[in-house]
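J.: Fold the stuff below for me.
(one chain, ligands or ions: 1)
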Amino acid sequence: MSKTSNSRRVFMLHVACGGAALATSTAFAADPVSTEKLTEADPYAKSMGFRLDTTKVDKAKFPRHTAEQKCSTCQLFSGAPGAEWGPCSFFGGRLVNKDGWCRNFKVKKAA
Ligand code: SF4
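T.: Model (predicted):
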């Protein structure tokens with residue numbers, strides 16, 4: 001085998017290993033994005049009065065709730081503007097509906 005051929009082989013090996021290492025590090029560096037939708041049946045969600053539709057909140061149980069309070073206007077919601085579902089940091093990044101609500105609602109501060 002010639003010296004040039006051997007150098008080329010070593011170079012290709014380095015490229016292959018570097019690519020694999022980069023792909024691996026990228027996979028571990030990315031933030032975990034949950035694709036799990038929070039349900040009303042979830043025990044913790046239930047204890048927080050979570051509803052998928054803010055208009056269905058129990059007024060007797062949560063007298064300070066208003067119809068304007070919904071996940072899309074909560075500071076813990078990080079869904080894209082107009083998105084139907086988005087992550088809620090309070091529920092570990094699980095997806096909540098933009099029209100949902102729970103008793104931990106915190107009005108989103110103006111940017
Ligand atoms: S904390 Fe906010 S975004 Fe999360 S479920 Fe409750 S109201 Fe919705």
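
J.: The lowest-mean-pLDDT helix or strand in the chain: what's the following helix or strand?
T.: In the chain, the helix or strand scored least confidently by mean pLDDT, DSSP states H and E is helix 3-29, which has a mean of 47. Later in the chain than helix 3-29, the nearest helix or strand by DSSP states H and E is helix 43-47.

J.: Quick check: next helix or strand after that next one?
T.: strand 85-87.

J.: who does that next one pair up with?
T.: Taking DSSP bridges as the criterion, strand 85-87 forms sheet pairs with strand 95-97 (antiparallel).

J.: I'd like the average pLDDT over the partner strand.
T.: For strand 95-97, mean pLDDT is 98.

J.: care to break the protein down by domain?
T.: By the record's domain assignment, the chain is partitioned as 1-30, 33-111 (automatic domain parsing).

J.: Do the longest one and the ligand come into contact?
T.: Yes. Domain 33-111 is in contact with the ligand by CB under 6 Å from any ligand atom, via 50, 71, 74, 76-77, 88, 90-91, 96, 100-102, 104-105. To be clear about C-beta, it is placed using only N, CA and C from the backbone, and glycine gets the same treatment.
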